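**Student:** The sequence and its predicted three-dimensional model are supplied below.
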Amino acid sequence: MSEWADPEPYAALRRLAGEVADVVGVGKVEVAGGTVVVSLPPVKRHEVAVWRLWRQLDAQVGASHPGCIAYSGASVEDPDLGRLRRPDLMVFPAVCLEDEGTPLRPADVLLAVEIVSWANPRGDYGEKVADYAAMGIPHYVIVDPRGGTGVVHATPGYRHRTPFVFGDTVRVGPWKLDTSVLLTYGPPRATCGGSAS
């Protein structure tokens, strides 16, 4: 069970998170477990996964949920739980972006996607599963480029879990994701100029 946050310490943590987020070169800044969590900037293959999944989802969500978009770069906040999370990718109504400076409400988020990082893989499989389930986000997808695997979680309470391996086409609610386009972490195949490194 997620704990309920004391509003005063959480407000202080939110202020600190905002200050840290303004520092150049910082990756994700989140609030969870009574602390500010800072992640390193992502590696290229992490960002390739975000971009390739975004393209697939964005091509589908307009038909299944008119007015919704797939988007990378927004945060979702539940002050009652004391949580501020920034998934790698989310699906939500486009109009939510018009509230400048305000994180999304969990009730607006249909899907959260996290690409597992080298730095903190446990967070995606443990704390974030609990947090997104407690927030009531209907679907949560973990994509793990370390071994080319992943898990689709679905409500209620993420009791329904569907594991997959890269190459599978997986169903996430009304959408399908072709994971054959995803890359595992490892040495790069070639530089941007085309020569092997």
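**Tutor:** Okay, I see it. What you are looking at is a predicted structure, and each value in this text was computed from that prediction instead of being measured.

**Student:** how about the nearest residue to Met135, chain neighbours excluded?
**Tutor:** Using Cβ to Cβ, 6 or more residues apart in numbering and skipping residues adjacent in sequence, the residue nearest Met135 is Pro106, 3.7 Å away. C-beta: built from backbone N, CA, C; applies to glycine.

**Student:** Wait, that neighbour touches Pro79, no?
**Tutor:** No. Using Cβ atoms under 8 Å, Pro106 makes no contact with Pro79, being 10.4 Å away.

**Student:** Looking at those two, which is more packed in?
**Tutor:** More neighbours surround Pro106 than the other of Pro106 and Pro79, with 21 against 16 (other Cβ atoms under 10 Å).

**Student:** And that one, how far from Arg55?
**Tutor:** 25 Å (Cβ to Cβ, to the nearest Å).

**Student:** helix/strand/coil for Gln56?
**Tutor:** With DSSP: H, G, I helix; E, B strand; the rest coil as the basis, Gln56 sits in helix.

**Student:** how about it, what does it touch?
**Tutor:** Residues counted as contacts of Gln56 (Cβ atoms under 8 Å, 6 or more residues apart in numbering) are 175-178, 181.

**Student:** Need the residue closest to the centroid of this protein.
**Tutor:** For the chain, the residue nearest the mean C-alpha position is Pro87 (2.3 Å; Cα atoms, centre = their mean).
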